[in-house]
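# sequence-free structure coming up:
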């Protein structure tokens, strides 16, 4: 891979988002004069820390995580990064033996991993989306669906009015509910009944605030983006009916057929059902919702915005 040079006035920063399913690397040049950043390199690795749940990291999972972080750090060296900031989310903040993982990374690479709380994760996601320029003056619901947790942030007049994280992520649901392939209506009812019980406080808040739009923070929302040809740069609203039609076209297909869909983003087919069910659940339960806007910015950009 070709090395990329940097301007002398910029500071080159790497953000490593250690998610429960995916590890994301984002290398950017921060410009002190413009208060903006230039993307240098982006990398995504599907590591699946939460494949067997988020209470304990197996030895194989730890080894897999370390190997992938090592590869990302090699890219940081290649691009001559000045500062590396690593943040761990649901799988790391929930695992009983997370200290073992952190100590091994520290010993091998002298890298400190910041384990962020669910509340802090929601704040960073909000800051990232605000940094993108998406307007949140009307009641809006930011949703970030991860492998271990889902963050719900209700925003009104560009201020957070509710922020909570729930361990109902894709791998969590997969681990807890052994669904059929293709999924059955009974499977769906069990998942929805579980969500009714776990996120009732959030639902009440969303209904009370009459949220009008879901702002989907990347991740599984890439499926909707790809399937309906959304230009994510334009931050346009995809209506509720269109989103629900896309979801219903996908969730009842067996895995092999989902993999063969040309517009299905790479590596999203396997865990797409659980994530799409969460989106469908929200659109059905919260009557005030009109549709979905997809944001390319989330936690990583929130960290960058703070550094800027």
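Perfect, thanks for sending it. Given the structure is predicted, the values throughout are model-derived calculations rather than measurements.
# only C-alpha atoms for contact and neighbour calcs from this point on.
Will do.
# can you map out the helices along the chain?
Here the chain has its helices, by DSSP state H, at 59-78, 90-94, 98-109, 118-132, 170-176, 185-198, 200-208, 221-227, 240-251, 255-259, 272-285, 299-307.
# would TSV of the ones you listed with mean neighbour count and mean pLDDT be doable?
Output for the helices of the chain, formatted as TSV (neighbours: other Cα atoms under 10 Å; pLDDT from 0 to 100):
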stretch	mean neighbour count	mean pLDDT
helix 59-78	16	98
helix 90-94	25	97
helix 98-109	15	98
helix 118-132	22	97
helix 170-176	21	94
helix 185-198	14	98
helix 200-208	15	98
helix 221-227	21	91
helix 240-251	16	96
helix 255-259	16	96
helix 272-285	20	97
helix 299-307	20	96
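# rebuild those helices as a markdown table, extending it with distance to residue 43.
Output for those, formatted as a markdown table (distance: least, Cα to Cα, whole Å):
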| stretch | distance to residue 43 |
| --- | --- |
| helix 59-78 | 8 |
| helix 90-94 | 20 |
| helix 98-109 | 19 |
| helix 118-132 | 18 |
| helix 170-176 | 21 |
| helix 185-198 | 32 |
| helix 200-208 | 33 |
| helix 221-227 | 16 |
| helix 240-251 | 27 |
| helix 255-259 | 22 |
| helix 272-285 | 20 |
| helix 299-307 | 12 |
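# so which of these comes closest to residue 266?
helix 255-259 (8.4 Å; Cα to Cα).
# list the contacts of residue 181.
Neighbour list for residue 181: 253, 254, 255 [criterion: Cα atoms under 8 Å, 6 or more residues apart in numbering].
# what is the burial count for the nearest residue to the last one once chain neighbours are set aside?
It refers to residue 255. Spatial nearest neighbour of residue 255, excluding adjacent residues (Cα to Cα, 6 or more residues apart in numbering): residue 270 at 6.3 Å. Residue 270 has 13 neighbouring residues, counting by other Cα atoms under 10 Å.
# and of the helices of the chain, who's closest to residue 30?
helix 299-307 (8.3 Å).
# nearest to residue 27, of the helices of the chain?
Per Cα to Cα, nearest to residue 27 of the helices of the chain: helix 59-78, 7.5 Å.
# contacting residues around that closest one?
For helix 59-78, contacts defined as Cα under 8 Å, 6+ apart pick out 3, 14, 23, 25, 27, 43, 45, 47-49, 84, 101, 104-105, 109.
# quick one: residues contacting residue 141.
Counted by Cα under 8 Å, 6+ apart, residue 141 has contacts 152, 153, 154, 155, 206, 211, 212, 213, 214, 215.
# so what sits opposite the third one in the bridge?
Spelled out, it's residue 154. For residue 154, the beta-bridge partners are residue 141, residue 162 (DSSP bridges).
# list the contacts of it.
139, 140, 141, 142, 160, 161, 162, 163, 206, 211 are the contacts of residue 154 under Cα under 8 Å, 6+ apart.
# cool, and residue 46?
With contacts defined as Cα under 8 Å, 6+ apart, residue 46 is in contact with 21, 22, 23, 267.
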